[in-house]
Structures are given as structure tokens and as C-alpha cells.
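Visitor: got a predicted structure here, sequence first:
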Amino acid sequence: MPKPKKPTLRIGKLPDLTPVKLTISLEPGVHRMLEDYARIYSDSYGEAVKPSELVPSMIAGFLAKDNGFKRARKTLASPQNT
């Protein structure tokens, strides 16, 4: 007996979403700013977060808005560079 046909979904299979651990060192002033940001976030949204929990969103937002990076990254993905 043949297998039933699988439905066609609007989204494809999700990519690997397993987090990658990254360790960084910050200058004291940057660390203080990050702690202040976490305090302001907590006051704004009523939800306490650790400064380290904010970093992934901050980096993603920074990279998403860096037009020079986006242009250069396209050249990395072009067929001539693979």
C-alpha cells in the first residue's frame, strides 16, 4: 500500500536552531552599559533579564542593519567564492 502524500507546507523545514555558546570579554565600561541596559529593559517591560540574555538580540539587530556587512556577505555566498 503506498504511503499517503505529505502535505505541502508554506514554510520549509526549520534550520538547526541549536544555540552556539560564545564566550567574550568586555571592557568594564561596556559591561556597565550592558548592565544599565538590562535595568532599563526591566523597568520598561516589567521583566528582569540578565545582561547576557540581551546580547544575542543586540548582535542580531546590529548585523541586520549593517549594510556594508550585508553587501560583503553576499559576495561570500556567490558561486565564485565557493
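Guide: Arrived safely. Numbering: from 1, shown residues only.

Visitor: which element is the residue most central in space within the chain on?
Guide: For the chain, residue 60 is the residue whose C-alpha lies nearest the centre (C-alpha atoms, centre = their mean; 3.8 Å). Residue 60 is located in helix 51-65, with elements delineated by DSSP states H and E.

Visitor: show me how far that helix is from its chain's centre.
Guide: 6 Å (C-alpha atoms, centre = their mean, to the nearest Å).

Visitor: about what we covered before: next, the contact list for the residue nearest to the centre of the chain, please.
Guide: Counting by C-beta atoms under 8 Å, 6 or more residues apart in numbering, residue 60 touches no other residue. In short, each C-beta sits where N, CA and C put it, glycine included.

Visitor: could you list the low-pLDDT ranges of the protein?
Guide: Where the chain drops to pLDDT under 70, the residues are 80-82.

Visitor: what does the helix ranked longest in it rub up against?
Guide: Ordering each helix of the chain by length in residues (DSSP state H) puts helix 28-45 first. Residues outside helix 28-45 that contact it (C-beta under 8 Å, 6+ apart): 26, 47, 48, 49, 50, 51, 53, 54, 55.

Visitor: from those residues, list the buried ones, please.
Guide: Buried members of the contacts of helix 28-45, counted by 16 or more other C-beta atoms under 10 Å: residue 51.

Visitor: between the contacts of helix 28-45, which is closest to residue 2?
Guide: For these, the closest approach to residue 2 (C-beta to C-beta) belongs to residue 53, at 48.6 Å.
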